[in-house]
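Asks: coords please:
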Amino acid sequence: MTESCRILVDADACPVKEEIYKVAFRHKVKVTLVANSYLRIPQHPDINLIVVSDGFDAADDWIADQSGTKDIIITADILLADRCLKAGATVIAPTGKPFTPDTIGGAIATRAIMADLRGSGDQVGGGPKPFSKKDRSAFLQALDAAAVKVSRSP
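Replies: Below is the predicted model of the structure:
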């Protein structure tokens with residue numbers, strides 16, 4: 001892959017860091033994990049950690065400000081995904097679900113509806129379903145495909 005291609009990770013609660021490293025090593029892509037506090041990362045020249053302040057959305061702001069067309073963003077945060085898509089980045093959730101310009105509007109609307117329901121005191125589900133082996137496998141496939149696609153883009 002070209003030197004400018006990289007994977008930016010919203011790392012604080014990311015459950016697929018090991019999978020990210022595997023794909024990055026295979027495709028020779030640099031990885032930047034962004035977190036509000038120190039995380040253990042492999043000692044490797046292509047993996048680095050950016051620790052931002054614990055201010056509201058500090059990690060999201062850093063990632064959004066840095067993202068561009070040769071970047072793959074890993075996040076479950078819908079609003080961050082929207083910001084990165086607007087910058088031309090490829091965005092994938094840890095479950096392997098891609099965020100795209102065609103799907104992000106619906107995801108934002110669903111997020112707003114769920115927030116309104118929670119705010120009104122309505123019981124809304126029991127939170128996200130547990131992270132599964134199927135999610136992990138779907139993520140690996142999606143990230144690998146994205147790495148190939150981004151590497152071939154001009």
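
Asks: Tell me, how many residues neighbour residue 101?
Replies: Here the number of neighbours of residue 101 (other CB atoms under 10 Å) works out to 11. Every residue, glycine included, has its C-beta placed from N, CA and C.

Asks: what do you get for residue 21?
Replies: Neighbours of residue 21 (other CB under 10 Å): 18.

Asks: ok, now residue 73?
Replies: Neighbours of residue 73 using other CB under 10 Å come to 28.

Asks: Pull out the buried residues from the lengthiest helix in the chain.
Replies: Longest helix in the chain, counting residues (DSSP state H): helix 133-152. Buried residues in helix 133-152, counting neighbours by 16 or more other CB atoms under 10 Å, are found at 135-136, 138-140, 142-143, 146-147, 150.

Asks: could you dump those residues to JSON lines with pLDDT?
Replies: Supplementary listing: those in JSON lines, determined by pLDDT from 0 to 100:
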{"residue": "135", "pLDDT": "90"}
{"residue": "136", "pLDDT": "91"}
{"residue": "138", "pLDDT": "94"}
{"residue": "139", "pLDDT": "95"}
{"residue": "140", "pLDDT": "95"}
{"residue": "142", "pLDDT": "95"}
{"residue": "143", "pLDDT": "96"}
{"residue": "146", "pLDDT": "95"}
{"residue": "147", "pLDDT": "93"}
{"residue": "150", "pLDDT": "90"}
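
Asks: Okay, and the beta partners of the residue nearest to the spatial centre of the chain?
Replies: Residue closest to the average C-alpha location in the chain (CA atoms, centre = their mean): residue 74, at 1.5 Å. Here residue 74 sits in beta bridges with residue 9, residue 92, going by DSSP bridges.

Asks: For it, give me its contacts.
Replies: 7-10, 14, 16, 20, 91-94, 143 (CB atoms under 8 Å, 6 or more residues apart in numbering).

Asks: any chance of the residues you listed in CSV, with distance to residue 57 too?
Replies: Listed next are those as CSV, based on distance: CB to CB, whole Å:
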residue, distance to residue 57
7, 20
8, 15
9, 16
10, 11
14, 16
16, 22
20, 22
91, 16
92, 20
93, 18
94, 19
143, 24
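
Asks: Quickly name whichever of those residues is closest to residue 78.
Replies: Nearest to residue 78 out of the contacts of residue 74 is residue 93 (CB to CB; 8.9 Å).
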